[in-house]
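Peer 1: here is my input; please provide its structure:
(2 chains)
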Amino acid sequence: MPMSAHEIEQAITTALPGADVTMTDLAGDNDHWAARVVAPQFAGKTRVQQHKMVYEALGGRMGGVLHALQLTTSAPTS
Amino acid sequence: MSDTNARIASIVNGNDVVLFMKGTPLFPQCGFSNLAVSILDHCGVAYESVDVLQDMEIRQGIKAYSDWPTIPQLYVKGEFIGGSDIMKEMVEAGELQQLLIDKEVARA
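Peer 2: Below you'll find the predicted structure:
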């Protein structure tokens, strides 16, 4: 079972409270998602660290059931 | 260190730029690997590629090596740079090109 956009979004915001998550269905098949995550917790982190924080939030599903999640991360600009 | 880890370390440290990918630069087997190849070609840099589909040990081992769950993975001078999403963000910002210059990587 692929994860729904809502499940992905919820997993991210649970782990990173205050995160703003925008989901885009890339292929119109409910399976290939792009997620744009803007989170205050990303401040001062490298891109690799930011992506790892999201992967952690997804609890090991990245690379498994979530093969095709395109991820963009940034800290909020003040 | 396991044998696989040692093998990966020797590949990563033995080449200036290494892309672990699914398929080959001529015939990428996945959209993300295809994107990574396009980006490196765009940067005009010489790189070594490893097809993880041909080696199950490396396919699994590379995920543990950098604690990164997906493929492709880019390494420059032994350092893990990121997957295709990060490569795309970096190339759009001009950061990847700068990194390759700063690390004095050979042109293709």
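
Peer 1: pull out the buried residues from the one helix or strand B:Ile86 maps to.
Peer 2: Element membership for B:Ile86 (DSSP states H and E) is helix B:84-92. Neighbour-count burial for helix B:84-92 flags B:Ser84, B:Asp85, B:Ile86, B:Met87, B:Lys88, B:Glu89, B:Met90, B:Val91 (criterion: 16 or more other Cβ atoms under 10 Å in any protein chain shown). Every C-beta, even on glycine, is put in place using the N, C-alpha and C of the backbone.

Peer 1: of the residues you listed, list those near chain A.
Peer 2: The subset of the buried residues of helix B:84-92 within reach of chain A, by Cβ under 8 Å from any Cβ of the partner chain, is B:Asp85, B:Ile86, B:Glu89, B:Met90.

Peer 1: residue of chain B nearest chain A, please.
Peer 2: B:Pro69 (3.5 Å; Cβ to the nearest Cβ).

Peer 1: so what does the helix holding B:Ile86 touch, helix or strand wise?
Peer 2: For helix B:84-92, the contact count by 3 or more Cβ pairs under 8 Å, 6 or more residues apart in numbering or on different chains; DSSP states H and E identifies helix A:47-57, strand A:69-74, helix B:31-43, strand B:79-82, helix B:95-102 as packing neighbours.

Peer 1: what about that helix, distance to the chain center?
Peer 2: Here helix B:84-92 is found 12 Å from its chain centre; the criterion is Cα atoms, centre = their mean, to the nearest Å.
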